[in-house]
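Asks: Predicted model follows, preceded by the sequence.
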Amino acid sequence: NAGVMQNPRHLVRRRGQEARLRCSPMKGHSHVYWYRQLPEEGLKFMVYLQKENIIDESGMPKERFSAEFPKEGPSILRIQQVVRGDSAAYFCASSPNADVYEQYFGPGTRLTVT
Amino acid sequence: AQSVTQLDSQVPVFEEAPVELRCNYSSSVSVYLFWYVQYPNQGLQLLLKYLSGSTLVKGINGFEAEFNKSQTSFHLRKPSVHISDTAEYFCAVTPNAGNMLTFGGGTRLMVKP
């Protein structure tokens, strides 16, 4: 049973470009969480999604960031017009239900904005 | 809202010595508590979790943690560390009815030969 998969593992973007980060949850998991880890800091919650629904986006920056989890396919975290401050590791976690204590993390996508 | 404080950003220790990584939390409601380990350039792996019951929780790789409600602490311990335990360790909490984890800033454990 494959774990949570994220791609790409490393992404380099110039300022002003768009970044698309993908997360494929574990098989049978319909709940996805995105976290951001800034350099030398812990992980910060961004958004919680179920299939086709955003449940909690209280940690998402108000502008340029969006997330989706369509009926088919991976969850996508999109960052428009990236800035240097967006450079971070972005982690996805999935769970089979709404029990937060069953979250399984992916390897992360490391975004570098030049 | 919850918050988590990991008092030590780095903990150097010699191989086979005991180690304790400290974690304190703040919350106005009951919480679940977790410790995760992150090896270089990898994702987070769950070490152990406290949901209810016995306050002493045993996890993988010989780690254990004790929940102390009065001191709002959840310190992680291992009686004898190995070089392979070198990693970043994160303490996290969530309210019982919550849907997100709140993480501490992390403690880098550096095991020296």
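Replies: That came through fine.
Asks: contacts, neighbours, all on C-alpha from now
Replies: Noted.
Asks: contacting residues for residue B:67?
Replies: By CA atoms under 8 Å, 6 or more residues apart in numbering or on different chains, the contact set of residue B:67 is B:50, B:55-57, B:73-75.
Asks: at 7 Å instead, please
Replies: Residues near residue B:67 by CA atoms under 7 Å, 6 or more residues apart in numbering or on different chains: B:55-56, B:73-74.
Asks: Most neighbours among those, which one is it?
Replies: residue B:74 (29 neighbours; other CA atoms under 10 Å in any protein chain shown).
Asks: In space, what's closest to that residue - neighbours in sequence excluded?
Replies: The shortest distance from residue B:74 to any residue other than its chain neighbours is 4.7 Å, reached at residue B:67 (CA to CA, 6 or more residues apart in numbering or on different chains).
Asks: List phi and psi for the one you found.
Replies: Per-residue torsions, residue B:67: phi -90, psi 120 (degrees, to the nearest 10).
Asks: repeat for the one 4 residues further on
Replies: Reported as degrees, to the nearest 10, the phi and psi values for residue B:71 are phi -100, psi 0.
Asks: State the number of residues packed around it.
Replies: 10.
Asks: Quick check: next helix or strand after the lowest-mean-pLDDT helix or strand in chain A?
Replies: Every helix and strand in chain A was compared by mean pLDDT, DSSP states H and E; the lowest is strand A:104-105, with a mean of 91. Using DSSP states H and E, the helix or strand that follows strand A:104-105 in sequence is strand A:109-113.
Asks: Wondering if that next one reaches chain B at all.
Replies: No - using CA under 7 Å from any CA of the partner chain, we find that strand A:109-113 stays clear of chain B, coming within 9.0 Å at best.
Asks: Give me the sheet partners of that strand and which way each runs.
Replies: Under the criterion DSSP bridges, strand A:109-113 sits next to strand A:10-13 (parallel), strand A:88-95 (antiparallel) in its sheet.
Asks: Need the winner for burial among those.
Replies: Across those, the average number of neighbours (mean count of other CA atoms under 10 Å in any protein chain shown) peaks for strand A:88-95, which reaches a mean of 26.
Asks: can you list contacts of it?
Replies: A:4, A:23, A:25-26, A:29-39, A:102-112.
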